[in-house]
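**Student:** All I have is the shape, not the residue letters:
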DNA sequence: AGCGTTATGTAACTATATAACAACGATGAG
DNA sequence: CTCATCGTTGTTATATAGTTACATAACGCT
Ligand SMILES: [Zn+2]
Ligand SMILES: [Zn+2]
Ligand SMILES: [Zn+2]
Ligand SMILES: [Zn+2]
């Protein structure tokens, strides 16, 4: 199984994309009895403002109105909640966060991150997971969490640089 | 091919371990015309002070003598050099650095990091690399660099917690 | 309403990393 | 050997990322 999110499809209607994500989040939280409060919802929406990972402080800036800034903690708490619920993934190599297109099914998170456009494509490839699990098993290592992040150049950017 | 470093072998003589790493570094830099200066050598030695990833500021503390501290930049510059030469890997999920046991052959870096003892085992498993490359190819993505980090519990710690 | 739990506010602080510019020092050409 | 050059290091300031401690407010149940 390989699930793919295409961030920069031609004709991509991002408003719809965000609405879908927020809708799934509402439903998921409701079904779990988790509270998607106003702040958490706003942070989730801001994480989804594009398909490139967004840093906590960028979100913090987004939330400022008329010189009034929320505290970093407010954002980090919301992000912690969203990550816990699987609505958002953290990209370790960028210290940034990105919305998950498929929060209903638990999965690690494997990402291709373009160095030019900054977009991140989420994969969840069974071959990769299986290979990692096999290695861990060989070492007698019990896996909690895996981080797979690939930096490089996406198709679109490669073509446009040619 | 699966290369393994066992950080916590019983009877592991760490002095020898460090000497070996420094020797390989000397030879490698000499063969490349790269300059392993006193500072760089010291930072490499401190990275190798154990088999757990060490943060830049921890190294900075290590280097302080009688209240005299070097600047962060000094450490970061040395680490940049060491990473560039493949003598050290950066662990993204910990913002920390660890010595590479096999700097002579270029390789990404795949790590199992124990949540209890903090030790990191470096793997370089061809199955994992192949699976990732295949995914990237499927997406038309050109790979620069891959980050594979697995967090969990090592054999030793699992047994001692039992 | 009363009460425990969960979420948010506020402030100060720690940790991680980079920028800009000056000074030093090894190396090689002349 | 001397000077010019380039890579390395020093110094100071600043940017970015994340946490601790404690107070207050909202919610959800009885
Ligand atoms: Zn996901
Ligand atoms: Zn791109
Ligand atoms: Zn290595
Ligand atoms: Zn362990």
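**Tutor:** Okay, I see it. This one's a predicted model, so the numbers in the text were calculated from it and none came from an experiment. Ligands and ions are numbered 1, 2, ... in the order given.
**Student:** which residues touch the closest residue to ligand 3 within chain A?
**Tutor:** Closest residue of chain A to ligand 3, C-beta to the ion: residue A:135 (14.6 Å). Heads up, the C-betas are built off the backbone N, CA and C, glycines and all. Residue A:135 is in contact with B:2, B:110, B:112, B:123, B:125, B:127-128, counting by C-beta atoms under 8 Å, 6 or more residues apart in numbering or on different chains.
**Student:** Report the separation between it and residue A:142.
**Tutor:** 13 Å (C-beta to C-beta, to the nearest Å).
**Student:** and residue A:142, what does it touch?
**Tutor:** A:136, B:152-153, B:158.
**Student:** mean confidence score for stretch A:152-159?
**Tutor:** On average, the pLDDT along stretch A:152-159 is 95.
**Student:** if we can go back for a sec, out of the contacts of residue A:135, which is nearest to residue B:84?
**Tutor:** residue B:110 (19.3 Å; C-beta to C-beta).
**Student:** Retrieve the pLDDT associated with the closest residue to the closest one other than its chain neighbours.
**Tutor:** Nearest non-adjacent residue to residue B:110, counting by C-beta to C-beta, 6 or more residues apart in numbering or on different chains: residue B:148, 4.1 Å away. On the pLDDT scale, residue B:148 is placed at 98.
**Student:** Measure how whatever helix or strand residue B:148 lives in sits relative to strand A:142-153, angle-wise.
**Tutor:** Secondary structure from DSSP states H and E places residue B:148 in strand B:142-153. Using axes from the mean of the first three to the mean of the last three C-alpha atoms, to 10 degrees, the inter-axis angle of strand B:142-153 relative to strand A:142-153 is 170 degrees.
**Student:** Name the residues of strand B:142-153 that come out as buried.
**Tutor:** Using 16 or more other C-beta atoms under 10 Å in any protein chain shown as the test for burial, strand B:142-153 gives B:142-143, B:146-153.
**Student:** now, which of these sits nearest residue A:76?
**Tutor:** Using C-beta to C-beta, residue B:151 comes nearest to residue A:76 of the buried residues of strand B:142-153, at 19.6 Å.
**Student:** Could you list everything the closest one pairs with in the sheet?
**Tutor:** Note on residue B:151: beta-bridge partners residue A:145, residue B:113, judged by DSSP bridges.
**Student:** my guess is it contacts residue B:118, does it?
**Tutor:** No: the pair residue B:151 / residue B:118 is not scored as a contact, 10.8 Å apart, by C-beta atoms under 8 Å.
**Student:** Up against DNA strand C, what does chain A have?
**Tutor:** Neighbours of DNA strand C within chain A, by C-beta under 7 Å from any atom of the strand: A:34-35, A:37-40, A:70-74, A:77-78, A:81.
**Student:** Repeat the analysis, applying 10 Å as the threshold.
**Tutor:** Counting by C-beta under 10 Å from any atom of the strand, the residues of chain A close to DNA strand C are A:29, A:33-43, A:63, A:68-78, A:80-81, A:84, A:93, A:95.
**Student:** Need the buried ones from these selected in ChimeraX.
**Tutor:** Per 16+ other C-beta under 10 Å, the buried members of the residues of chain A next to DNA strand C correspond to this ChimeraX selection:
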select /A:29,36,40,41,42,43,63,70,75,78,81,93
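**Student:** filter the residues of chain A next to DNA strand C down to the ones close to chain B.
**Tutor:** Contacts with chain B within those, counted by C-beta under 8 Å from any C-beta of the partner chain: residue A:93.
**Student:** Which pLDDT does the model give the residue of chain A found nearest ligand 1?
**Tutor:** Minimum separation of chain A from ligand 1 (C-beta to the ion) falls at residue A:100, amounting to 3.2 Å. For residue A:100, the pLDDT comes out at 97.
**Student:** give me the element the nearest residue in space to it that is not next to it in sequence is part of.
**Tutor:** When the adjacent residues along the chain are set aside, residue A:100 lies closest to residue A:89, with 5.5 Å between them (C-beta to C-beta, 6+ apart). Per DSSP H and E, residue A:89 falls inside strand A:88-91.
**Student:** by contact count, what packs against that strand?
**Tutor:** Taking 3 or more C-beta pairs under 8 Å, 6 or more residues apart in numbering or on different chains; DSSP states H and E as contact, the helices and strands that strand A:88-91 lies on are helix A:72-84, strand A:96-99, strand A:110-114.
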